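S.K.: build me a structure from this.
(2 chains)
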Amino acid sequence: MKRTTLALLLSAAGAIGFAGLAKAETPVKIGIVQATSGGSAALYGVMQKNGAELAIDEINASGKLGDYKLIGIHQDDGGDRGQTVNVFQRLINQEKVAVILGPTLTTSAFAADPIAQKAGVPVIASSNTAPGVPEIGDYIFRTSPPEAMVFPGVLAYVKKKFAPKTAAQIYGIDDVLMKSAYAVHKKALESEGIKIVSTETFQKGDVDYSAQLTKIKAANPDILVIGGLAEETANIVRQARQLGIPPSTVIMGANAAISNKLAELAGAAANGFVVGAGWFINYDSPTNKAFLDGYRKKYNSDPDTFAAQAYTSVYVVADAVKRAGGVSDLKKFRDAIAATKDLEANNGKFSFDEHREPVIQPKVLVMKDGKFTLATD
Amino acid sequence: MSAGFSQFFASYSNIIDLCLLNSLIAYGLFLALSANMFSLATGGFMALGAYCSVYCTMELGWPFAPAVLAGALLAAAGAALIGAPVLRLRGDYFMLATFAFTEVIRVIALNWDSVTGGAIGIVNIPRYTETWHLALAVVVMVYVVFTLRRSYFGRAIAAIKQDDVVAQSMGVNVFAHRLSLFVASGFVCGAAGALAAHLNFFVGPGDFGLLRSVDALIYPILGGVNSLAGPIVGAIFTTLLPEALRFSNQLREILMGALVVAIVLYLPGGAMSVFKLRRRRPQTPGGAKLAPATKQAQS
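M.R.: Residues are numbered from 1 along each chain as shown, chains lettered A, B, ... in the order given. The predicted structure follows:
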């Protein structure tokens, strides 16, 4: 294994030598741990792998890192945390990667991140949004904003615009993400002084929500907050309107509900649906435009939030490599990642706060004719 | 040399741990299968063992060994509790009842927030499980199964496996034998759950669902339910396969499925029956005396 890597490196170096670059290349190995098989985890994993590999190609081609060449090593963990731990151990001890991007699922992160923490290898997640991930240790970062960072801003917008007095909540009780999203929603509603008149739950795989929605309708709330993934949220929105919950009741969703699928599944009922996001496809900036163009060219499809966040992760790494002057000292490299400030990213200026959480401007999106558009007050 | 070994161990220690852990689970199932009990309760037993032991170490501050024992005993108690009514059911019904048990435990774990952490699970569990713990557990387990198969109890079980009505008529207490095996299986799976919980820093209700139960059934069935080494071979094979096939991301799952189907089709007695094929007409040891009689009875 080692010998093949060496041979590969040599031949790569040889090829570059022939290409006329006299410089000696210093490789920076980046472990990409994303599920590309194994059910729904693969939906998120493939997007992030794509986003990260696109960024690696772009950075290597641009030559902005000088002698440093980023080498992405992707490993599939199948969304199974036993395998995530296997992959982490191998990447750290055998491939000797400088940083690991991932893993796809929060449960995998809880199992595998402590290994990287102990070995002193930085980890940057781009899809773990549940609370407690960066708390694993000071080498664990994430570019995916947790619900707590996004929702309060969205609620403030809704409060200003519609002045709601009462709210109803419905959420998935057996999902890590949704259960924590529910807690965040509840806290935000309470701190805004909005009274919660009804709380309902559902389980993964449910398709009929009429029992819960009928109860919610009877409570007649001013806003309805849904803690669900895209598919569930779409069904709830559609059935809520069918059951006669009036348009005056504003429906809001969790960060994880942002998907182009939402409009497809919910149809016209989704009009006026409000949600917060760290990134969205129509965000107008040169960096985002470059990202969209690059992604469409390479993969012939549109990226999603997770691809965007993984793309940002790689740019964070590149920026830190530059400032730390290489990755020979991983402690110094970690400090450089932690010090990331106002990096020009595809969702605006990107920084890490002292808890290694992303600092970004949350964007309030409103569904309009099947498209998420930036809310204008 | 030792540097090479330590690097190898650092890179692959988790795979080794998983192989041993799954072997332990496989023997737990092997006990149940040796009396024809196709149990899907493994996930439930493991959950009982895992949550109980984590509660003992993290909330009560117990040392690791008594915590594992407590988890195993709780799972054994669970097995006794459901075993008593459920073991009167046969075949498909038994399977359904044990599946229901696993689901009930999962739903309790999902909703009992104060103890299990609900859907979010429990994080930051201290890592107490060492590789040698797992290895020792497997060795003990193999020894226990080995001696069990040679005892009167083992013969009685073999008779029950062939035909429980005949065994009953010969004076074997079928229900008591089955129940004690089921409780033993619960104990082993509970201990495995406790060891698993202290291996990877985290437990959640998703770890112990139907998937876990089915995987656990696959190990001994794939390896061979009639051979002492069957469970360990099946467990190691199924654990290593996804790693060995890592070179092809796209084909991985297809290849895994195809290999399993091939084994089931061509080696219906499990992978260990390869050796029996080569030996041809073996000098029938042990239970084989019974085999011709039951074959006639079945046909």
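
S.K.: so how far is stretch B:83-99 off the chain centroid?
M.R.: Stretch B:83-99 sits 17 Å away from the centroid of its parent chain (C-alpha atoms, centre = their mean, to the nearest Å).

S.K.: got the buried residues for that stretch?
M.R.: Using 16 or more other C-beta atoms under 10 Å in any protein chain shown as the test for burial, stretch B:83-99 gives B:Gly83, B:Val86, B:Leu87, B:Phe94, B:Met95, B:Ala97, B:Thr98, B:Phe99. The C-beta positions use only the backbone N, C-alpha and C, and glycine is treated the same way.

S.K.: outside of that stretch, which residues touch it?
M.R.: Here stretch B:83-99 makes contact (C-beta atoms under 8 Å, 6 or more residues apart in numbering or on different chains) with B:37-41, B:44, B:82, B:101, B:175, B:178-179, B:182-183, B:186, B:210, B:213.

S.K.: show me which residues of the stretch 101-250 of chain B sit near chain A.
M.R.: Counting by C-beta under 8 Å from any C-beta of the partner chain, the positions of the stretch 101-250 of chain B adjacent to chain A are B:110-111, B:118-121, B:123-124, B:127, B:200-202, B:204-206, B:242-243, B:246, B:249-250.

S.K.: mind redoing it with 10 Å?
M.R.: B:106-107, B:110-111, B:113, B:117-125, B:127, B:196, B:199-207, B:211, B:239, B:242-243, B:246, B:248-250 (C-beta under 10 Å from any C-beta of the partner chain).

S.K.: tell me the buried residues within those residues.
M.R.: For these, a neighbour count by 16+ other C-beta under 10 Å gives the buried set as B:106, B:110, B:117-123, B:125, B:196, B:199-207, B:239, B:242, B:246, B:249.

S.K.: which of those fall within helices?
M.R.: Counting by DSSP state H, the part of these found in helices is B:Arg106, B:Leu110, B:Ala196, B:Thr239, B:Pro242.

S.K.: and the least confident of these?
M.R.: Lowest pLDDT among these: B:Pro242, with 81.

S.K.: pretty sure it sits against A:Gln75.
M.R.: No. Assessed by C-beta atoms under 10 Å, B:Pro242 is found out of contact with A:Gln75, at 11.4 Å.

S.K.: hey, what's in contact with both of the two?
M.R.: Shared contacts of B:Pro242 and A:Gln75 (C-beta atoms under 10 Å, 6 or more residues apart in numbering or on different chains): A:Gln83, A:Asn86.

S.K.: is chain B within reach of the longest helix along chain A?
M.R.: The longest helix of chain A (DSSP H) is helix A:41-62. Yes. Judged by C-beta under 10 Å from any C-beta, helix A:41-62 comes into contact with chain B at A:Ala42, A:Val46, A:Lys49.

S.K.: measure B:Phe30 to A:Ser248 for me?
M.R.: Applying C-beta to C-beta, to the nearest Å, the value for B:Phe30 to A:Ser248 is 63 Å.

S.K.: of the two, who's got more company?
M.R.: Neighbour comparison, B:Phe30 and A:Ser248: the larger count goes to B:Phe30, with 28 against 10 (by other C-beta atoms under 10 Å in any protein chain shown).

S.K.: you'd agree the more buried one is in a helix?
M.R.: Yes. Counting by DSSP: H, G, I helix; E, B strand; the rest coil, B:Phe30 is located in a helix.

S.K.: look at it and report its pLDDT.
M.R.: 92.

S.K.: one more: A:Thr106?
M.R.: Note on A:Thr106: pLDDT of 86.

S.K.: count the residues that sit near it.
M.R.: 28.

S.K.: same question for B:Val260.
M.R.: Residues near B:Val260, counting by other C-beta under 10 Å, number 16.

S.K.: ok, the one 4 residues further on next?
M.R.: Burial of B:Val264, expressed as a neighbour count using other C-beta under 10 Å, amounts to 13.

S.K.: looks to me like it is in a strand.
M.R.: No. According to three-state DSSP, B:Val264 belongs to no strand; its state is helix.

S.K.: that one and chain A, how far apart?
M.R.: 22 Å (C-beta to the nearest C-beta, to the nearest Å).

S.K.: that residue reaches B:Gly224, doesn't it?
M.R.: No. With contact defined as C-beta under 10 Å, B:Val264 does not reach B:Gly224; the gap is 11.6 Å.

S.K.: overlap in contacts, those two.
M.R.: Shared contacts of B:Val264 and B:Gly224 (C-beta under 10 Å, 6+ apart): B:Gly270.

S.K.: which pLDDT value goes with the closest residue to chain A within the stretch 51-200 of chain B?
M.R.: Residue of the stretch 51-200 of chain B nearest chain A, by C-beta to the nearest C-beta: B:Asn200 (4.1 Å). For B:Asn200, the model assigns a pLDDT of 84.

S.K.: show me what contacts it?
M.R.: Contacts of B:Asn200 by C-beta under 10 Å, 6+ apart are A:81-82, A:84-85, A:107-108, A:110-112, A:114-115, B:14, B:17-18, B:125, B:127, B:129, B:207.

S.K.: ok, now with 8 Å
M.R.: B:Asn200 is in contact with A:Arg81, A:Gly82, A:Val85, A:Ala111, B:Ile125, B:Arg127, counting by C-beta under 8 Å, 6+ apart.

S.K.: for A:Asp319, same thing?
M.R.: By C-beta under 8 Å, 6+ apart, A:Asp319 lies in contact with A:Ala336, A:Thr340, A:Leu343.
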